[in-house]
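Novice: I'll drop the sequence and a predicted model, then ask my questions.
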Amino acid sequence: MPTVAELTVAEELAAIREIAATRGWPLKEPDSLHFHLGLPANDQSQFYLLVDCDRYPVQPPAWHWCDAQGTHTDRLADRPQGSGFLHTNGVICAPWNRLAYKSVDSRGPHGDWTIGDWQKNSYTSGCTTLAHMALRIYVELNGPRFNRKRLG
Amino acid sequence: MESSEPLKQAEGHLARAVADLKTAEAAERTAEHEVEEALQEVREAEPLKPHEIFLEVATPKGVFEGIFHDSTKVSAVIEIIVNKKDLNKKDTFELVHGEKVLQPTDHTLESFGLKCKAKLELVATGSGV
C-alpha cells in the first residue's frame, strides 16, 4: 500500500513534469520518493538537484545539489554560490528544505527552527508544494542573488 | 504449504500489474509530450494582434498559457492565473521574467518591456533567510 509520502509526491510531481516538459528541464524519477531535476541558471550552466521526499509532507524534502547523473551529492562543484536561499554553507536555506535544519544536517544554518512546523514557518511563504519549491530555486538561480559561480 | 501457490500466483499477478502500470505511465508521458509539441506548433502558427502578448507561465500547478493586451496590469495577470489554476488565494505571488521581478504590480506588461511572447514564472514570494 502506498505511503502518504508516496501519494503526495505522485500528486505534486505532476506539475513539475508539465513544467519540465515545456521548459526542457531534465527530470528523472528513480523511485516513488526521489526525483532528480536539472535547472538552468543565468550563467548558462545547469544545476542538478536530487530530492529526497521520505516522510514528506510531515517533514520537508531534502534538496541536495548533485551532479548530472545524480550519483554524487553535495560536492562543492555542484553547488551554486550566492546569498539568501543560496546559502554559503552550500544548502538551500529555507524551512521547506530539510537540510536547512541543524538538527538534520550540520551545514544547516538553522538550529532555531522546528522541522515539524515547516509549513507554518513564516519564511515558508506559501512554498508548500514541490513545484512551488522547484520554481523558487529556478528563480533564485536566475536572479541577482546567484553570483554566477560555484562553491568549488 | 498449501497456501503458498495461490500467494505466488497473486505476487506474480501483482508484479505484472506493476510492470503494466509503469509501461502505461511511460506511454502517457510520451503522449503528453507529443500533445505539448503539437499545441506549441499550433500556437506558433497563430498570429498575435497588435499589442497582444502571449504568456507561457510556469506556476506551482503546472503551465498556464494566455494572451493578454500589453496594457494589462501585472496584478490582473496574477489574479487571472491564480483563479484559473486554482492556486491558494491566501498566498502572495510574484511574476518573474528572467532576472526581473515584475514589480510594482500596478504597472503594465508593456512597462516591463514584454512583447509578443514571453516565458514567466509565478512564484510564492520570499527573499531567502
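Specialist: That came through, no problem.

Novice: any idea how far B:Ala24 is from B:Ser4?
Specialist: 30 Å (C-beta to C-beta, to the nearest Å). All C-beta spots, glycine's among them, are computed from the backbone N, C-alpha and C.

Novice: same check on A:Ala62?
Specialist: A:Ala62 is 40 Å from B:Ser4, by C-beta to C-beta.

Novice: who has more neighbours, these two?
Specialist: A:Ala62 (24 against 8; other C-beta atoms under 10 Å in any protein chain shown).

Novice: mind listing the residues bridging to the more buried one?
Specialist: Beta bridges link A:Ala62 to A:Asp52, judged by DSSP bridges.

Novice: that one contacts A:Arg55, correct?
Specialist: No - applying C-beta atoms under 8 Å, one finds A:Ala62 not in contact with A:Arg55, separated by 9.7 Å.

Novice: what about the longest helix in the chain?
Specialist: Looking at chain A here, since you left the chain open. Criterion DSSP state H: the longest helix present in chain A is helix A:4-23.

Novice: let me rephrase: I mean chain B.
Specialist: Max-length helix for chain B by DSSP H is helix B:4-45.

Novice: please name every helix or strand in contact with the helix or strand of chain B with the lowest mean pLDDT.
Specialist: None of the helices or strands of chain B scores lower by mean pLDDT, DSSP states H and E than helix B:4-45, at a mean of 80. Packing partners of helix B:4-45 (3 or more C-beta pairs under 8 Å, 6 or more residues apart in numbering or on different chains; DSSP states H and E): helix A:4-23.

Novice: buried residues, the helix it packs on. List them.
Specialist: A:5-6, A:8-9, A:12-13, A:15-22 (16 or more other C-beta atoms under 10 Å in any protein chain shown).

Novice: cool, stretch B:108-115 as well?
Specialist: B:108-109, B:112, B:114.

Novice: does any bit of stretch A:72-89 sit next to chain B?
Specialist: Yes - using C-beta under 8 Å from any C-beta of the partner chain, stretch A:72-89 comes into contact with chain B via A:83-86.
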